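Undergrad: Next comes the sequence, and after it the predicted model I'd like to discuss.
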Amino acid sequence: MANRQRIGVLGASGYTGAELLRLLAGHSGVEIAFLTADRHAGKSMASVFPHLGSLKLPDLISISDVDWHAADVIFCALPHGTTQGVIKKLFEDAPEKRVIDLSADFRLNNLEIYEQWYGHAHQAPELQEEAVYGLTEVHRDTISRARLCANPGCYTTTAELPLIPLLAEGLIKNDEIIIDAKSGVSGAGRSENQSNLHTEVSEGTHAYGIGAHRHAPEIDQELSLAAREQITVGFTPHLMPMNRGILATIYVRLNREATVDDLRHCLASRYAEEAFVNVLAEGLAPSTRDVRGSNNCHIGVFVDRLPGRAILVSVTDNLVKGASGQAIQNMNVMCGLPETKGLEQVTLFP
């Protein structure tokens with residue numbers, strides 16, 4: 001027990017908090033020190049999430065009652081806009097702690113862009129300077145030295161993994177990138193919201209955040225770094241009547257004499273040694289059902305019927321590789337643990 005990382009989870013009563021605990025239950029290198037959930041403070045996790053009832057977990061407490069020194073690593077799964085002040089106070093009291101933030105509060109490097117998209121000034125600009133964007137397969141080295149890791153969003157992870165290597169190698173043009181993405185309802189969180197009711201979501205699908213979704217500048221930021229010039233993508237998310245999963249269909253224009261085979265070979269080579277990214281063979285199409293409950297991303301590459309264009313299809317589980325699984329992957333990197341530890345789950349199917 002002495003060698004285990006002591007874990008705290010802020011916001012444990014949400015879907016990402018519960019998913020962290022489900023995955024960490026299979027991680028032999030950790031023990032849970034505290035769990036917070038202000039509205040459910042004083043309750044057991046079993047009463048909030050019965051599927052976790054067999055686990056020996058501490059009761060939920062308020063953030064104001066947390067002893068930061070009780071944990072070595074803290075996952076922050078609080079709502080967007082609430083995290084900056086909490087983490088600022090945390091580091092003032094316990095600067096040696098490692099933090100993985102699952103909200104969007106530290107993902108955007110440019111403070112002006114953050115204020116434009118989130119409607120308020122950044123509350124911890126000094127911490128933003130040190131925050132490391134947590135797309136593990138791309139930023140592994142800097143994540144390993146980080147004190148504060150900004151875990152990427154679900155849509156962004158699913159889109160960035162296939163696009164970053166292709167832009168870095170100059171195989172696709174920087175303009176005319178169109179990302180058409182679909183998400184399960186759990187991506188909207190667990191709070192009470194009329195638009196997420198069963199009768200509002202089932203038997204239909206709809207686009208939302210059209211031309212204005214907050215993941216767009218995050219995608220622009222990371223793709224621009226890969227291409228070494230400013231990129232603005234077209235991005236439209238859709239809500240699907242399913243619990244889990246992200247499917248992104250991405251339309252790109254080929255660069256110079258590049259072929260679709262070149263794109264597939266580039267991605268297969270880039271991710272050949274990666275445990276969680278699988279580039280499918282020619283003709284195979286990714287499906288959300290094939291990654292459900294796992295930390296995997298599946299990518300397919302296809303010829304478009306329009307000359308000079310290609311279609312990329314990328315899928316993840318929005319709660320795992322799109323959130324809690326990648327957060328644990330980043331924790332493993334930050335703590336010098338095997339990267340796959342706690343994440344060996346095979347996809348749940350059917």
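TA: Nice, thanks for sending it over. Nothing here was measured: the structure is a model prediction, and the numbers come from that model.
Undergrad: Can you name the residues that contact His139?
TA: For His139, the contact set (C-beta atoms under 8 Å, 6 or more residues apart in numbering) comprises Val132, Tyr133. Using the backbone N, CA and C atoms, a C-beta is placed for each residue, glycine as well.
Undergrad: Confirm it sits in a helix?
TA: Yes: per DSSP: H, G, I helix; E, B strand; the rest coil, His139 lies within a helix segment.
Undergrad: Strands of the protein, residue ranges please.
TA: Ranges of strands in the chain, per DSSP state E, are 5-10, 30-36, 60-61, 73-76, 98-101, 132-133, 148-150, 178-183, 206-207, 234-239, 246-253, 277-279, 297-303, 309-316.
Undergrad: ok, of those strands, where does mean pLDDT dip lowest?
TA: When these are compared by mean pLDDT, strand 206-207 comes last with a mean of 92.
Undergrad: Remind me what that one packs against, helices and strands.
TA: Applying 3 or more C-beta pairs under 8 Å, 6 or more residues apart in numbering; DSSP states H and E, one finds that strand 206-207 makes contact with strand 234-239.
Undergrad: Tell me which strands the strand it packs on pairs with, and in which orientation.
TA: Next to strand 234-239 in the sheet, as set by DSSP bridges, lie strand 178-183 (parallel), strand 206-207 (antiparallel).
Undergrad: so which of the ones you listed is the most packed in?
TA: By mean neighbour count, with neighbours taken as mean count of other C-beta atoms under 10 Å, strand 178-183 ranks first of those at a mean of 21.
Undergrad: Next, the angle from that strand to strand 246-253.
TA: Counting by axes from the mean of the first three to the mean of the last three C-alpha atoms, to 10 degrees, strand 178-183 lies at 170 degrees to strand 246-253.
Undergrad: send the alpha carbons of strand 178-183 over as PDB?
TA: The C-alpha trace of strand 178-183 is given here as PDB (Å, rounded to 0.1, in the frame of the first residue of the first chain):
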ATOM      1  CA  ILE A 178     -14.600  19.400 -42.200                       C
ATOM      2  CA  ILE A 179     -15.400  17.400 -39.000                       C
ATOM      3  CA  ASP A 180     -18.900  15.900 -38.800                       C
ATOM      4  CA  ALA A 181     -19.100  14.300 -35.300                       C
ATOM      5  CA  LYS A 182     -21.700  12.400 -33.400                       C
ATOM      6  CA  SER A 183     -21.800  11.800 -29.600                       C
END
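Undergrad: Can you list the low-confidence ranges for this protein?
TA: Using pLDDT under 70 as the threshold, the predicted model of the chain has low-confidence ranges 1-2, 187-199.
Undergrad: domain ranges for it?
TA: The chain resolves into domains spanning 5-152+321-334, 155-318 when parsed by automatic domain parsing.
Undergrad: could you pull out the helices for the stretch 251-350 of the chain?
TA: Counting by DSSP state H, counting those that start in this stretch, the stretch 251-350 of the chain forms helices over residues 260-270, 325-334, given from the N-terminal end onward.
Undergrad: I'd like to know which of the ones you listed is closest to Ile311.
TA: The closest approach between Ile311 and any of the helices of the stretch 251-350 of the chain, judged by C-beta to C-beta, belongs to helix 260-270 at 8.8 Å.
Undergrad: packing partners for the closest one?
TA: Packed against helix 260-270, as judged by 3+ C-beta pairs under 8 Å, 6+ apart, are the following elements: helix 154-168, strand 277-279, strand 297-303, strand 309-316.
Undergrad: which residues does Thr16 contact?
TA: With contacts defined as C-beta under 8 Å, 6+ apart, Thr16 is in contact with Ala77, Leu102, Leu319, Ala323, Ser324, Ala327.
Undergrad: from these, which is closest to Leu223?
TA: For the contacts of Thr16, the residue nearest Leu223 by C-beta to C-beta is Ala323; the value is 20.5 Å.
Undergrad: Surely that closest one touches Glu19?
TA: Yes: at 6.7 Å, Ala323 counts as touching Glu19 under the criterion of C-beta atoms under 8 Å.
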